[in-house]
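1. generate a structure from the sequence data that follows.
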Amino acid sequence: MAERIPQERLRNFSIIAHIDHGKSTLADRLLELTHAIDPRQMTSQVLDSMDLEREKGITIKARAVRLEHTAHDGLTYGLNLIDTPGHVDFSYEVSHSLQACEGAILVVDAAQGVEAQTLANVHLALREGLTIIPVLNKIDLPSAEPELVMDELETALAIPREEVLLLSAKEGTGVPELLEAIVDRVPPPKGDPGAPLRALVFDSHYDPYKGVVVYVRLEEGTLHAHDLIRLMASGAEAELLELGVFRPQLVPVPLLRAGEVGYVATGLKNVREAQVGDTVTSVARPATQPLPGYQVAKSLVFAGIYPISGEDYPLLRDAIEKLHLNDASFTYEPESSIALGFGFRCGFLGLLHMEIVQERLEREFSLELIASAPSVDYEVLLTNARGTIHVDNPSKLPPVSDIEEIREPWVRLSVVTPAAYIGALMELSTNRRGTFVDLEYLDPTRVLMRFELPLAELIVDYYDQLKTRTAGYASMDYEEIGYRPANLVRLDVLVAGEPVDALSIIVHRENAAALGRTLVARLRQLIPRQLFEVPIQAAVGANVIARETVRALRKNVLAKCYGGDITRKRKLLEKQREGKRRMKRVGSVEIPQEAFLAMLRTDES
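-> Reported below is the predicted structural model:
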């Protein structure tokens, strides 16, 4: 760095938006305009560096980058940009990023308008007391309606239209004005560089050479290269191996001051010693109070993750620990299953989050995994005043005689949709045991609908159905509102008379029979035929409610008999029958991964 930028010329801001409103493209234009990246290395969505992010076209991880911009006043400003995800499952990433900033650019698609996640992210930013710069993106589209969207911003979010900037991130129009607005409107960070060091860890990753690398926002104090540091929550101490900033690759610097964002290579090998939300201080002059960390992300969806090959279990354990460092929002604990062996019970923030974690484990650590059907966390009140227990694994549900009441988690769901689809969404939500709360018109053609419904009904394929029934126009966001009692039962699946614990699910009693029939019919198609007959049954307690049979493969043992006595043929058939009987007693049925995935896709017929 040529010159150190003083604190009053630093600006920390993040970009928030609904999914697919152009955050990553806008970040590209900001990188280009501030010459933060060599034009030869420039690719589209440069901050979405993960293969998964590029394939799915979504941002999964918040990414930080340091920009330098010479403003109209001739002075150089240091801008720390943190790009955030837009999908509801990654809202914890957004909340972490906002805590490290003083301002937020709110990007709204000029063609699609205010969406559910836009509303949720703005409320998150306001709660942190951030300065919001509203931006209408994609004004170059023929379908863009900036006047209509500015009206929406005024009515839904009370944002005056005079503050709204119009730009096209793809074409680059309006982006220089945005850089000036960041300099003018976002306040500089406060914090005394002479105070004892306090830096908030907002993200981290594991490097085989540098150990745990933590990403920090310095609230107070100054950090020099080769300082001795302490992580206040875990008490771990380490000498800095490297100190630096993101441009967007890691660039070492000699020191970081209060208000700056950078990274610290700690050299720590134990990933548990550096958790997201911890406070870094110096050993020589430690701070007395840590910074208020993050609220622990509450898992909503639970599933078992197992290695396909049993000897990969230690590799899976190491992989989960390292991934947890980079994504602190999922929980995990060891568990074993009769059907699948040793694995981990993991908690996720949603179904997309579960899919991303499984894919990252498979790709980044070269593992072959199998996941059980997702479930939610139930509260079970036991008989004889023995208290309550939490059950996130259907196979751990106590016997019916021990259960007084089962309570399930409910959520408040906000859906933004064109008015033409109100009826379709009413039907979808009421079919899922949901109740309608209220409806609010954002403009003459779009409405905000609120429902309350059980989380278990939401996690399976509600989002897919929502998109299907509204031609992709609706968007949703949800928050938890506590537990409510329900008439629930455990539906067990028996294959060849043996219960497969990983296929058990907890369902509403009214839906059990229909779901049981759907499941066994689907499993019959997925389980390969054996040399013996395989019955597949769905049962609630001791009552079998549905059954299908996978027919046996039959070798033609009479092929060598040309004519001859019937007793000879009967003898061969009897011998075959006896062999099948013996095989049925000792034979085991391999259940393919598709059978477990079928549990995820019990769509409505």
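2. when you work out contacts or count neighbours from here on, use the C-alpha atoms and nothing else.
-> Fine.
3. quick check: phi and psi on the closest residue to A17 other than its chain neighbours?
-> Computed as C-alpha to C-alpha, 6 or more residues apart in numbering, the closest residue to A17 that is not its neighbour in sequence is V107, at 5.0 Å. Dihedral pair for V107: phi -100, psi 120, per degrees, to the nearest 10.
4. measure V107 to V415 for me?
-> 19 Å (C-alpha to C-alpha, to the nearest Å).
5. spit out the contact partners of the residue nearest to A17.
-> 15-18, 21-23, 134-137 (C-alpha atoms under 8 Å, 6 or more residues apart in numbering).
6. okay, S24: pLDDT?
-> pLDDT, S24: 74.
7. cool, the one 10 residues further on as well?
-> At T34, the predicted lDDT confidence score is 78.
8. identify the residues contacting it.
-> 67-69 are the contacts of T34 under C-alpha under 8 Å, 6+ apart.
9. 10 Å - rerun?
-> Going by C-alpha atoms under 10 Å, 6 or more residues apart in numbering, T34 touches 66-70, 79, 176, 179.
10. greatest separation within those residues: which pair is it?
-> R66 and P176 (16.8 Å; C-alpha to C-alpha).
11. so for these two, which sits in the more crowded spot?
-> Remark: of R66 and P176, R66 carries more neighbours, 23 against 15, as counted by other C-alpha atoms under 10 Å.
12. ok so that one is a helix residue?
-> No: counting by DSSP: H, G, I helix; E, B strand; the rest coil, R66 falls outside a helix, being strand.
13. what's the neighbour count on the nearest residue to S282 once chain neighbours are set aside?
-> Excluding the flanking residues, the one nearest S282 by C-alpha to C-alpha, 6+ apart is I229, at 4.3 Å. I229 has 23 neighbouring residues, counting by other C-alpha under 10 Å.
14. beta partners for I229?
-> A238, S282 (DSSP bridges).
15. for stretch 133-146, the averaged confidence score.
-> The model assigns stretch 133-146 a mean pLDDT of 85.
16. now do the end-to-end distance for that stretch.
-> Per C-alpha to C-alpha, the first residue of stretch 133-146 is 16 Å away from its last.
17. run the chain-centre distance for that stretch.
-> Relative to the chain's own centre, stretch 133-146 is displaced by 28 Å; criterion: C-alpha atoms, centre = their mean, to the nearest Å.
18. in it, which residues are buried?
-> 133-140, 144-146 (16 or more other C-alpha atoms under 10 Å).
19. what of stretch 476-487?
-> Buried positions in stretch 476-487, judged by neighbour count with 16+ other C-alpha under 10 Å: 476-478, 480, 483.
20. got JSON lines for the residues you listed, with distance to P290, pLDDT and secondary structure too?
-> Shown next, in JSON lines, are the buried residues of stretch 476-487 (distance: C-alpha to C-alpha, whole Å; pLDDT from 0 to 100; DSSP: H, G, I helix; E, B strand; the rest coil):
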{"residue": "M476", "distance to P290": "36", "pLDDT": "79", "secondary structure": "strand"}
{"residue": "D477", "distance to P290": "32", "pLDDT": "78", "secondary structure": "strand"}
{"residue": "Y478", "distance to P290": "31", "pLDDT": "81", "secondary structure": "strand"}
{"residue": "E480", "distance to P290": "29", "pLDDT": "83", "secondary structure": "strand"}
{"residue": "Y483", "distance to P290": "33", "pLDDT": "91", "secondary structure": "strand"}
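21. closest one of these to G277?
-> Comparing these against G277 with C-alpha to C-alpha places E480 closest, at 22.3 Å.
22. and that closest one, what is it in contact with?
-> 298, 300, 409-413, 452-455.
23. repeat that for 8 Å
-> Residues near E480 by C-alpha under 8 Å, 6+ apart: 409-412.
24. now, those residues that are in strands?
-> 409-412 (DSSP state E).
25. all helices of the stretch 301-450 of the chain, in order?
-> Using DSSP state H, counting those that start in this stretch, the helices of the stretch 301-450 of the chain run over 313-326, 351-364, 422-431.
26. and the last one, what's buried?
-> When neighbours are counted by 16+ other C-alpha under 10 Å, the buried residues of helix 422-431 are found to be 422, 425, 429.
27. do stretch 415-422 as well
-> 415-419, 421-422.
28. starting at the chain centroid, how far to it?
-> On C-alpha atoms, centre = their mean, the centre of stretch 415-422 falls 25 Å from the chain's centre.
29. neighbouring contacts of it?
-> Residues from elsewhere that reach stretch 415-422 (C-alpha under 8 Å, 6+ apart): 115-116, 445-450, 469-470, 473-477.
30. so which of the residues you listed is the most crowded?
-> Within the contacts of stretch 415-422, most neighbours by other C-alpha under 10 Å means E115, with 25 neighbours.
31. give the contact list for that residue.
-> For E115, the contact set (C-alpha under 8 Å, 6+ apart) comprises 18, 416, 475-476.
32. how is the chain partitioned into domains?
-> According to automatic domain parsing, the chain comprises the domains 7-185, 198-282, 301-371, 379-486, 490-601.
33. out of those domains, which is the most enclosed?
-> Ranked by mean neighbour count, those are led by domain 198-282 with a mean of 21 (mean count of other C-alpha atoms under 10 Å).
34. export the domains of the chain to a markdown table and tack on distance to Q289?
-> Putting those into a markdown table (distance: least, C-alpha to C-alpha, whole Å) gives the following:
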| stretch | distance to Q289 |
| --- | --- |
| domain 7-185 | 18 |
| domain 198-282 | 9 |
| domain 301-371 | 23 |
| domain 379-486 | 31 |
| domain 490-601 | 45 |
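35. tell me which of these lies nearest to P292.
-> Relative to P292, the nearest member of those by C-alpha to C-alpha is domain 198-282, separated by 8.0 Å.
36. what is the rounded mean pLDDT of that closest one?
-> 83.
37. going forward, the N-terminal residue is numbered 380.
-> I'll keep to 380 as the first residue from here, and by that count the last item is domain 577-661.
38. flag the shaky bits of the stretch 880-984 of the chain, pLDDT-wise.
-> 959-984 (pLDDT under 70).
39. the contacts of stretch 794-801: which two are farthest apart?
-> T824 and D856 (19.7 Å).
40. what about the helices in this structure?
-> Ranges of helices in the chain, per DSSP state H, are 402-412, 430-435, 470-478, 495-506, 525-536, 554-564, 692-705, 730-743, 801-810, 834-838, 841-848, 888-905, 945-965, 972-979.
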